[in-house]
Structure formats: C-alpha cells, structure tokens
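J.: Provided below for reference: sequence and predicted model.
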Amino acid sequence: MMTSGEIRQAFFDFFQAKGHTIVPSAPIVVKNDPTLMFTNAGMNQFKNYFLGNKKAPYSRAADTQKCLRVSGKHNDLEEVGVDTYHHTMFEMLGNWSFGDYFKAEAIEWSWQLLTEVYKIPKDRLYASVFEGDVKEGLPPSLIALKKWKEILPDQRIVFGKKKDNFWEMGDTGPCGPCSEIHMDCRPDEERKKIPGEQLVNKDHPQVIEIWNNVFIQYNRKKDGSLEPLPSTHVDTGMGLERLVRVIQGKDSNYDTDIFSGIIQQVASITGKKYDGSATWEAVAFRVLADHIRAISFTIADGQLPSNTGAGYVIRRILRRAVRYYYSYLGYKQPLLEQLVPVLANQFENVFPELQQQVDFVKRVVREEEEAFLRTLERGLRRIEELISAAAGTIAGAAAFELYDTYGFPIDLTRLIAGEKGLTVDEKGFEDQMIKQKDRSRAATAVDAADWVVVKEGGNQFVGYDSLETFTQILKYRKVTAKGKEAYQWILEKTPFYAESGGQVGDNGWLHFAGKSIEVIDTKKDNDLIVHVTAAMPSAVTPTVTAKVNATNRLETAQHHSATHLLHAALRQVLGVHVAQKGSMVHAANLRFDFSHFAKMSVTEILQVETMVNEKIRANIPVVIQSMPKEEALRLGAMALFGEKYGDVVRVVIIDPSYSVELCGGTHVGSTGQLGYFKITGETAVAAGVRRVEACCGKQAEVYLQEQLQLLDAVKQAFKNPKELLRAIEQLQSENAKTKKQFEWLEMRELRERSKSLVPEMETVNGIAFLGKQIAVDNPEALKKICTALKLLHADHVAVLTAQILGKSYVAVSVAESIVQSKGLDARKIIKEKVAPLIQGGGGGQKTLATAGGQQADQLPAVINAVKALL
C-alpha cells in the first residue's frame, strides 16, 4: 500500500515527466490580495497569470498547496470533525497550463495517473461534464464530453449544471466549465442496488469528488456578462487527503497515515482510545487531528492568533480544539502544543518551515491554550448562572454570548443544558449568528465597478530610480467601501511604491491635462499596483504624469533602512533566535515585531540603540543587488517565513558581515542619511513575540525635542532642583505616607459610620436587614462600609445606596451563613433586581456585589426590592 508521501511524490513525478515545473507551495497566509485572508485553492498563487496581470515564467506547472477553508459549502468550522472527510487545512495537488494544453490533454493525463499509476479500479470512477446554460448563453462542454466518451461508457458520464460544473474565481474574473472525477467507494452490494451515477454530487459520504479539471476560458464582468479570454488555461485540483483515503482503502480520511500519527499521540496523552465512531469523544480526536495542522502551519507562515481578521480565524480554530479536548476528552491542560513536534516531523520534507520554527510555534500555541483554558473556566461558571436563571429554555442571545465570548459551540451548550433538563433556543442562536455575519460582511464589503480599459498592457514599477514619470493610463474604476467613494488607477509605468513587505504605500499626485488629483494611497491587488484617489478629473486623458511625494518617500525609506539595522542589532544583542514576525514602516516611525520570549531590559534596549547609531555614524553604503535566490541564501540573506520569493530576488546589503536581507522596499543610499535612531517603546504583542517602536532622522529629532521639553517642564514644576530624581523620590515617599494617613483616617470614619448603622437594622423573616441611602464621596466607600458591618454583625443582609454626581450606586452584602442557608446570592440580586431598576450593571461575589447606573430616583425602590426577597 502506498504511503501518503509516496502518493504525493508520484503526482510530482508524473507531471514532471509531462514537462511541468514543480513549484513550491505558496504561504497559507495571503498577502497583497484584498479578496482573501488565506490561500483557499491551489490556483491562488497563479491568479495573476489567469488575470493577465503577469506573464507566467513557465507554461506548465504542478504543486501541492497548503489551503485553508473555514466557510462555504461543506466548510462550516463547526462541522469539521463531525464527518470524516472535510477539513480546515488540506493539501491541494494541482497541475496547470497557462495558454498551453487544454481539455483533452488534461482529461487524458488525469485518467492515466489515477488508473495506471495509482491503480484505482476503473469501474469505480465517474466523470461529470458541463451541460451548458441557455440563460448564460454557454454551450455544453463538447470537447470534454468527446474525450470522456473515448474513456468511459455513457452511463458513467454525468451531466452537471452550472452550480456543480462551472467554476468561478469570484463575482468577477476568470472562469470556465469544469469536469470532475468522482469515486464510488461503496461496497459491491450497495453498488448493485443503486448505480453510482445516481449519487454523483449528491453529498453521499462514499461517492466523492477526487479531482476537478477546470478549463478557464471566460472573464466574468461586473454586469454579469461573459467575454472569452484571449488565451485558455487549465486549473486542476485534487485533495490529497481524499486521494490517500481512496488509494489506502479507508472509509475515513482520518484513518489514513496523514492523520494516524497525530491521533495516536492524542490517545497516548489523554489515555483515551479512538474508535472512529460518531461519538463526541471520537469527534474530539478528529477535531484535534485536523485543527493542529491549520493552527501550526498558519503560525509558521507568520499569522499569529489575534482578535481581528485572519488572526481571529486562527484563534477560533484553536479555541474550538481546546473546547473539544477539555469537554469530551477530559483533558484540562495544554494539549495542542504537545502535537506540534509530531506534525513538524511528519511534514519536514514537504513543508520544512514548521520544523524550522517548532519551538516558536509550540510557545505561541501553549500560551494561547493557557489563556483560553482560563476563559473556558469562566464560561462554565457563566453557563451555571444562565441555567439557574432559565425557566426551561436558555435564550438564543445567551447561547450566542457563550459562543462569542467564551467559545462554547451550540452543541456543547445543548449538551450541558440537556443534562439539567433544559432546552436551548437554537433559532434565536442562529438569528444572532446571521446578524453577526451580516455585520462582518457590511464592515468589509467593497463594491467595485468594472474596469474602464484605456489601453491593454503590463504594469511596471520604476520607483526605485525615479519619483516622477510621464506614463499612460491602462484602466480605472470607481469603488465604494463603507459608504465612501474612491477611484483606482492602473498605470503602464509608475514610480509609486505599493504597500507590501511592511512598508506603507506612497502618496503623491496624478497630473492630468489641466488638473491634479491627489493620490492618497497605493495598494497591491495581486501584482497590480493600484493608485487610490478620492477624486476624479472632469476629463480622463490617456496620459498622465505620476509624481510621488518626495519628502514622505525619503522619510519612509529612512525608517525601512533603520528596520534592517534594528533587526541585525537585535540578533546580535538578544541572540540569533530573533526572527522578524511583522513590521510596519511609515514616514513617521517604524514598528518591528520579532520572536523573543522575555521583555527587553533597559540595558538591552540601550545596547541595540548604540549599535544602530554606530552603524549610522559609519555611513555604510546600502548596496542593493538582484541575484538568484539560492546565491542570496548562500550569502546569508535572511528570508522571512510566510513570504513567497521568485527565483531572482532583490538583496539589501548593509555591510555583508552585519545585515543581508531579501527585500523589495525602498531604502536610503547610505546609513548616514538616517541621522539618529531612537527606540520609543518595547511591548509584548503575542505569545513569544515582542514589538519595538522607533524613529530616526527628523522624526527622532522631533521626539527628542518633545522629551527634553517634557523634562524641562518637570524640572520647573520641582523648582529646578539640583538632583531632580532625588526630589521626585522624596515627593513619592511623602505622598505614600500622606496616602496611608488618609486611608487610616477614612477607615476610622467608615467604622464609626458602620457602628451608627447597626442599631438601624431590622428583622425581616428572622434575618437582620439594613437598607439605607447614605452620603459618601465615592462608590468604593459603600463596599468598605459593608465589609466593616460584617465585623460588627455576623449574620445580616445589607443594601446600601448612594447618589454621587447624579448617578446611582448600590452595594449588596449577604452573610456567608445566609448564602448557605437561604440560597441568596449578592451577584444575582445585583443583576436581576438592582441593575434593571437603575439602568446599569455590576457584579461581584456571592457575599458582596456592587452596581452603578443612571436612575438615582430608583434607589428607594432598590432597597424595597432587596427587602422583598427576604
């Protein structure tokens, strides 16, 4: 039986023999494409070739691509692991033709590989062919049909509608008919009962698509119309996980050797056994085996978990995995980080970037797990509160709160509620989910009109050598985002640097005949350089003068060169484990994120600053060369994980023994142009990742002037003492002493006030009760008086209120003995009785809780409401 590694290699060998260039996987995290956060298909890295933005360096290619999908048909995150054949991260094997071969060859080769190399039984394979679409004016895919008729009997050729057999990149762009190959994995007895052709594209778990041949021949325009492309392409995709399942004769992807190592490790760690069933315990095994891949490879490619964008997607996936091992495998400590080395070893020869960063990835994963395990504990306490307050059903909004705030999937909430004899308003939960998705779509929605094409041609950057260029307009369009209109321009040649590699895009002007329009930003859309303007000239001329803001460019270039000096200095001062994890270079400053597991000391920051400034004073030439990638790496050039480089790379050298980096950004001619370098901040941004903020040149001068002015103001405030630091320390000491005296006096006064309140207690249903509105200066005093009352009278319930600056404040105190004997809970009293009356909120402990609100006139009603509970 072939292993997954042998199956992958056989694919490469087959297509290499057919004249294909084997190319490496692109990073799973997408850059320079506003329509994608993650690579979700094999074609993503070739998108520019299909769009005509760039000429492919080869006419035929093949690869295995790391892909990630967490939404769309069959890819809802909450469903992964529940079935046995869908995944978040997966490998997509693909072969590509860029204006070379087309339908007949692609079909013939796919059949040869499947049946002659992989030895898949021919009688179990079916093909689907596009039947055409009258409404779209699309004919049937007759070339594909003719080829399949040479290979298969008519009953094993299935005609598919546009939904299944016409592939589109998005709402607009390249598209075309496709021909899928399906495999019937059912036992012979079942195959005799129902022919396989009746189950193709019917979501049967054992009649599955294993290969899709897409024939790109049209362009979808904004108005929905289709136009033929000048050249045709082939784009194929075959999921490795499904292919391995078929060849290894397994009923589940998770039973193959792709996942078996991880599953065995989970069993060893937890002491549980995986049985492949539909139980929640087995689902947990599958969730972990799937999710650790998505988590590890995205982090290795540079995407750290966060609360926004792509980082939030990774955090969601990680937290779902934690939920499952916590709830269904009974494991209460970090588990995922223990799986990272197993995964890194498994893929060392395919995707080596994980093995090269295994310690860093482990650290990030572990800290994320530890943080979420704490959140999970809070979520379990919250669901207990909801259950105790529920009247038979947990509201949909409450279930959504558990999902959104604490990471509880609806199935976990349903399970816990069911154990308590409760149901969940799942329709209300779904309504909340839909609202959240609608808000997310609205926040990111961009309405782009069709391009108005002025001239066909390529897009060239000339801004390394010139800041002003007379050029021709290729195309332009209007875009609307968040209610604001803007215009995008593509020029034949441009000096404008588009945001990439951490460097912001240039601004400047487009000079039309008689009118100048400000360029407010420059972005990359794949390999297109897009100039963004807020205005449109009254008449668009075919030519334009593009002029970059020279001052802004120079200051940005200064900070980019300073970033290289900083990176090298950090590696020398802190160690060679330091690797760039992100950067942002502006005209005003720079931000540099790097791998390091401790806060930098004052001494280390000073050492880095000193080293960078020494290099600046040395006025070292900044040498930029283009060379083959392998030669650059031999020179010691640092390449960033998560970046995709071509065969020829741009290398920035600042003293070959100090800093050599692959970089496409703009730089100064020599380090002396930076003037002076100053670190302005150092913080943590994620597990194992630190951030340095700094500035240089004129901006460093401005920063130092501001700091000196501040220091001078402090000196004047202290009447210019000879020893400023000593004067400050003396003031701090006196202030601390005065504060202690004040707190002592305040506490003595509050104790006296507490004593005066004890006689005002009344007995309600056998319980001592005090309810009173009192005058205090701050809400904290209410809590302190409640605490003092407990020392003076052991068993009582007190509710103290106050009006401070027009707002209402309440403290509720319940003796521990009454909590136990009567079941009263100060937190519940605050949330259910007090907060609604004063239109506010609060919280605390069972024995002492507080609230603040707007309705001060409701304070008497608050006292009565608490008293009524007794």
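T.: Good, I have the coordinates.

J.: from now on I want contacts and neighbour counts done on CA atoms only, so please keep to that.
T.: Fine.

J.: and residue 559, what element?
T.: Taking DSSP states H and E as the criterion, residue 559 maps to helix 550-574.

J.: tell me the helices and strands packed up against the helix or strand following that helix.
T.: Next along the chain after helix 550-574, taking DSSP H and E as the criterion, comes strand 580-585. Strand 580-585 sits against helix 550-574, strand 590-595, with contacts defined as 3 or more C-alpha pairs under 8 Å, 6 or more residues apart in numbering; DSSP states H and E.

J.: which SSE is residue 218 in?
T.: If you go by DSSP H and E, residue 218 is part of strand 207-220.

J.: strands paired with that strand, and their directions?
T.: Each strand paired with strand 207-220, and its direction, by DSSP bridges: strand 173-184 (antiparallel), strand 226-239 (antiparallel).

J.: which helices and strands does the helix holding residue 559 pack with?
T.: Secondary-structure packing of helix 550-574 (3+ C-alpha pairs under 8 Å, 6+ apart): strand 580-585, strand 590-595, helix 602-617, strand 659-662, strand 689-696.

J.: how far does that helix sit from the chain's center?
T.: With C-alpha atoms, centre = their mean, to the nearest Å as the basis, helix 550-574 stands 27 Å off its chain's centre.

J.: helix 602-617 and that helix, what's the angle between them?
T.: Relative orientation of helix 550-574 versus helix 602-617 (axes from the mean of the first three to the mean of the last three C-alpha atoms, to 10 degrees): 130 degrees.

J.: now do helix 550-574 against strand 580-585, angle only.
T.: Here the directions of helix 550-574 and strand 580-585 differ by 150 degrees (the same axes, to 10 degrees).

J.: on that earlier part again, what's the closest of the helices and strands packed on strand 580-585 to residue 99?
T.: Closest to residue 99 of the helices and strands packed on strand 580-585 is helix 550-574 (C-alpha to C-alpha; 39.2 Å).

J.: can you pull the buried residues of that closest one?
T.: By neighbour count on 16 or more other C-alpha atoms under 10 Å, the buried set for helix 550-574 is 552-570, 572, 574.

J.: average pLDDT across that helix?
T.: Throughout helix 550-574, pLDDT has a mean value of 97.

J.: who's in contact with that helix?
T.: Residues from elsewhere that reach helix 550-574 (C-alpha atoms under 8 Å, 6 or more residues apart in numbering): 467, 503-504, 506-507, 577-580, 585-590, 592, 604, 607-608, 611-612, 615, 654, 658-659, 661, 665-668, 671, 673-674, 677, 695-697.

J.: buried residues in stretch 342-350, which are they?
T.: 343, 344, 346.

J.: just the C-alpha atoms of that stretch, please, in CSV.
T.: Extracted in CSV, the C-alpha atoms of stretch 342-350 (Å, rounded to 0.1, in the frame of the first residue of the first chain):
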residue,chain,number,x,y,z
VAL,A,342,4.8,15.3,15.7
LEU,A,343,3.3,17.3,12.9
ALA,A,344,6.6,19.1,12.2
ASN,A,345,8.5,15.7,11.9
GLN,A,346,5.7,14.4,9.6
PHE,A,347,6.0,17.3,7.1
GLU,A,348,9.7,18.1,7.4
ASN,A,349,10.4,17.2,3.8
VAL,A,350,7.3,18.8,2.3
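
J.: can you give me the helices for the stretch 301-450 of the chain?
T.: 309-328, 336-346, 353-356, 358-389, 396-406, 410-419, 426-444 (DSSP state H, counting those that start in this stretch).

J.: for residue 733, find the nearest of those.
T.: The closest of these to residue 733 is helix 358-389. By C-alpha to C-alpha, the value is 37.0 Å.
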